[in-house]
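S.K.: next come a sequence and a model predicted from it.
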Amino acid sequence: VIKLNDAFLSIYQKASELIIKVASLIEETHPGIRNLFDVASLAASPVRLLFYHPSTTNQFGAGHYDKSKLTIQIAESHEGLRVAPNKDSPLQPIVRDANMAVVFPGRGLRETFGDNTPYPPGWHDIIRAAKFNQGRTVPTKAAEVCARWALIFFANGKDFVMPDKTLMHTR
């Protein structure tokens with residue numbers, strides 16, 4: 001566990017730095033947003049490594065909003081992440097190179113700044129895709145138990161309160 005924690009530390013630090021940069025860009029629209037992401041709130045925000053088990057389903061993750069204020073989809077093995085730019089738009093596949101992360105608002109940002117924010121939460125799902133993302137793989141031995149992996153940072157912000165899970169799964 002200590003080795004895993006040490007390996008994740010540099011990822012956590014880079015993700016925290018990216019959240020501060022993104023918050024600085026949003027600051028023009030939402031003054032004070034930078035203050036939501038202090039050292040304590042970032043330290044309490046999780047980095048998750050998700051493994052999706054092999055199955056016959058075409059959907060690994062049903063549509064949902066994240067609880068966080070901001071989410072960084074740092075990397076994932078395969079294409080298949082789809083995000084809708086707003087409540088009324090269809091899901092769109094996210095395709096990017098290995099140097100890019102995807103940042104999108106979670107439901108917490110709208111709860112903080114209201115329904116009129118120009119940064120609505122990113123409704124998203126994960127579908128089965130055979131194509132690897134650029135520069136990503138799943139080792140052959142791991143493929144026996146892992147059909148897809150994703151590395152995600154959820155920046156919860158100050159005074160995070162766990163919302164009702166059903167709210168996250170209703171568009």
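M.R.: Okay, I see it. Numbers count the residues shown, from 1 in each chain.

S.K.: list the buried ones in the helix ranked longest in the chain?
M.R.: Longest helix in the chain by number of residues (criterion: DSSP state H): helix 2-26. In terms of neighbour count (16 or more other C-beta atoms under 10 Å), helix 2-26 has its buried residues at 8, 11-12, 15-16, 18-19, 22-23, 26. Backbone N, C-alpha and C define where each C-beta goes, glycine included.

S.K.: so which of these sits lowest on pLDDT?
M.R.: Lowest in pLDDT among the buried residues of helix 2-26 is residue 8, which has 90.

S.K.: how near is that residue to residue 39?
M.R.: 17 Å (C-beta to C-beta, to the nearest Å).

S.K.: got phi/psi on the spatially closest residue to residue 150 that is not a sequence neighbour?
M.R.: Nearest non-adjacent residue to residue 150, counting by C-beta to C-beta, 6 or more residues apart in numbering: residue 76, 3.8 Å away. For residue 76, the backbone dihedrals (degrees, to the nearest 10) come out as phi -150, psi 150.

S.K.: residues contacting residue 76?
M.R.: Contact partners of residue 76, counting by C-beta atoms under 8 Å, 6 or more residues apart in numbering, are 133, 136, 148-151.

S.K.: over to residue 144?
M.R.: residue 54.

S.K.: list of residues touching the one helix or strand residue 50 maps to?
M.R.: Applying DSSP states H and E as the criterion places residue 50 in strand 47-52. Strand 47-52 has contacts (C-beta under 8 Å, 6+ apart) with 8, 11-12, 15, 60-61, 74, 126, 145-154.
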